[in-house]
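> Sequence first, then the predicted structure, then my questions.
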Amino acid sequence: MKAKIVTLPGDGIGPEVTEQAVRVLDAVAARGGHEFTYESALIGGCAIDATGNPLPDETLAVCKSADAVLLGAVGGPQWSDPTAPVRPEQGLLKLRHHFDLFANLRPVKAYPALAHYAPLRADLLENVDILFVRELTSGIYFGPRQEQGDGDSAHDTMLYTVEQVQRAARVAFEAARQRRGKVASVDKANVLASMRLWRRAVTEVAADYPDIELEHVLVDACAMHLLRRPASFDVVLAGNMFGDILSDETSVLAGSLGMLPSASLGVGSFGVYEPIHGSAPDIAGQGIANPVATILSAAMLLRHSLGLDDDAQAVEAAVEAALASGARTADIADPNTEPLSTSAFADRVLAHL
Ligand code: NAD
Ligand code: IPM
Ligand code: MN
C-alpha cells in the first residue's frame, strides 16, 4: 500500500528515537511491498527557535496532508522559563486539539525478559497487559484558565461535558470487547464535581455494554492498585491529567519510560503516534535513549492508521525477540549487561524483523 507519514521529531531525544522508528517503518515497507513517503516538520522548542511558534501553520498543513503522524518529543530546559510567552508543550496540545484526537491509547505490557531486574517482584508482573484510554482533548488541560491575574493567583479548571466523557468511554468499552472484557474507570468522584459527572457519564455508557465488567476506582487508590495487582487490570479509562500521571507510573511495569508507545485517535483513521515519554534532556545527544517506545508507536501507526495489523504484529514480535535475545539500552540494562546505543538496539530489532 501507499501512505504518507509526517514525522515531527521535536526536541531532545525526539529526533534520536524517531530516526530509529523510521528505519523500522522502511524495513516494514521493503518486506511488505509498501510505499511509504515521509515529510518532516517542526514542532516544540525547535519550532519556537525557528519561527517563534511551537506549532507553525506550515506544520499543521503538512500533517493535514498525511495519513498519519509520528512524533518524537517536545520540550527542554532552554524553553522552560515560567515567564516565557510560548512553550514547546503548547504545540503538542494544539496539535491534539486541532485534529480532535480525543482518545489516547497507551498499552502497557510487562516483558518476561526484563522481569528479573524490575523494581517490582517478578511474580506480580506475570500476565500484565493493560490498555490505558486517556481522554486527551478536554479536562483540566483545556478548561478555562487564568495565567496571571494580579500576579498573586492563577487557575486551571477541570471541566468535562457528558459528551466529552462518553466518546472516550465508548472507545474504552469497545476496546474491552476485543480484550478481556473489563473497564476500570478512574475518577475522584469523592471530591470533584467534574469527576462525579465523569462517573455518571461512564455508568450511562456501560448500560450499552452489559457484557463488559465496569469498576469505578478512585485515582489515589488506583495509583496503588496498579502496582499491587497490575495483572487484574484490562482497560483503564481516565481523564486527561490522571491518565497522564498513571501511565508514567505503570511504565515501571514495562521496565522503563522508554518502553511505552501511544496512539492519539479521533474519528477516522488519521492519528498521531508518539512515545509517552518526553525529550529526556538528561540523556539527549548521547545516542543512548531507548527507541522501543517510538518503534512500538510506529507499530500502532501501522495498525490504526494504515490497517496493517500483520506488519504491526511483526514489529512488536521483533521488539520482543530483541529483548529476549538480551538486547538492552542503558535504561533497562542490569549491571551485568553491556548496554547498546539507540541505533545498535534498533539494529537488533531490524535483524529479527
Ligand atoms: P521525560 O519523559 O523526558 O524523562 C523522564 C526520565 O525518563 C528521564 O530520566 C529520562 O532520561 C528517562 N527517559 C525518558 N525517555 C527515555 C528513553 N526513551 N530512554 C531512556 N530513558 C528515558 O520527562 P521530564 O524529564 O519530566 O520532561 C522533559 C521534557 O519533556 C519537559 O519539557 C516535558 O514537558 C517534556 N515532555 C514531553 C512529552 C511529549 O513530547 N509527548 C512527554 C512528556 C514530557
Ligand atoms: C504526554 C506529555 C504531555 C501531556 C505534555 C508534554 C503536554 O506529558 O504526552 O504524556 O501532559 O499530555
Ligand atoms: Mn506525560
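Structure's in. What do you need? Ligands and ions are numbered 1, 2, ... in the order given.
> Residue 209 contacts residue 171, doesn't it?
No. Taking contacts as Cβ atoms under 8 Å, residue 209 lies outside contact range of residue 171: 11.8 Å. Every residue, glycine included, has its C-beta placed from N, CA and C.
> tell me the mean pLDDT over stretch 60-74?
What stretch 60-74 shows for mean pLDDT is 98.
> Please, which helix or strand holds the closest residue to ligand 2 within the stretch 51-200 of the chain?
Residue of the stretch 51-200 of the chain nearest ligand 2, by Cβ to the nearest ligand atom: residue 89 (4.0 Å). Residue 89 is located in helix 88-98, with elements delineated by DSSP states H and E.
> State the pLDDT value of residue 211.
pLDDT at residue 211 comes out at 98.
> pretty sure it is touching residue 180, no?
No. Counting by Cβ under 8 Å, residue 211 does not reach residue 180; the two are 11.6 Å apart.
> who's more crowded, those two?
For residue 211 versus residue 180, the count of surrounding residues by other Cβ atoms under 10 Å is larger for residue 180: 15 against 8.
> ok so that one is a strand residue?
No. Read with DSSP: H, G, I helix; E, B strand; the rest coil, residue 180 is coil and lies in no strand.
> these two touch, right, it and residue 234?
Yes. Taking contacts as Cβ under 8 Å, residue 180 lies within contact range of residue 234: 4.3 Å.
> which strands and helices sit next to the next helix or strand after the helix holding residue 89?
Next helix or strand after helix 88-98 toward the C-terminus (DSSP H and E): strand 103-109. Applying 3 or more Cβ pairs under 8 Å, 6 or more residues apart in numbering; DSSP states H and E, we find strand 103-109 packed against strand 129-135, helix 162-177, helix 240-254, strand 263-265, helix 292-304.
> mind checking how far strand 103-109 is from the chain centre?
Distance, stretch centre to chain centre, for strand 103-109: 6 Å (Cα atoms, centre = their mean, to the nearest Å).
> Keeping just the C-alphas, turn the next helix or strand after it into PDB.
Counting by DSSP H and E, the next helix or strand C-terminal to strand 103-109 is helix 112-115. In PDB, the C-alpha atoms belonging to helix 112-115 read as follows (Å, rounded to 0.1, in the frame of the first residue of the first chain):
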ATOM      1  CA  PRO A 112       9.300 -11.600  30.800                       C
ATOM      2  CA  ALA A 113      12.900 -10.900  29.600                       C
ATOM      3  CA  LEU A 114      13.000  -7.800  31.900                       C
ATOM      4  CA  ALA A 115      11.100  -9.100  34.900                       C
END
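> Show me what helix 112-115 is packed against.
Using 3+ Cβ pairs under 8 Å, 6+ apart: helix 112-115 touches helix 309-324.
> what's the angle between the helix it packs on and helix 292-304?
Angle, helix 309-324 to helix 292-304, by axes from the mean of the first three to the mean of the last three Cα atoms, to 10 degrees: 160 degrees.
> ok, then the element right after helix 309-324?
Taking DSSP H and E, what comes next after helix 309-324 is helix 342-352.
> now check that next one, is it near ligand 1?
No. Contact of helix 342-352 with ligand 1 (Cβ under 6 Å from any ligand atom) is absent, the minimum separation being 8.1 Å.
> list the buried ones in that helix?
342, 345-346, 348-350, 352 (16 or more other Cβ atoms under 10 Å).
> quick one, that helix and helix 309-324 angle?
Relative orientation of helix 342-352 versus helix 309-324 (the same axes, to 10 degrees): 120 degrees.
> quick one: contacts of helix 342-352?
By Cβ atoms under 8 Å, 6 or more residues apart in numbering, the residues outside helix 342-352 that reach it are 16-17, 19-20, 23-24, 27, 287-292, 295, 315, 317-319, 321-322, 325, 327-329, 340.
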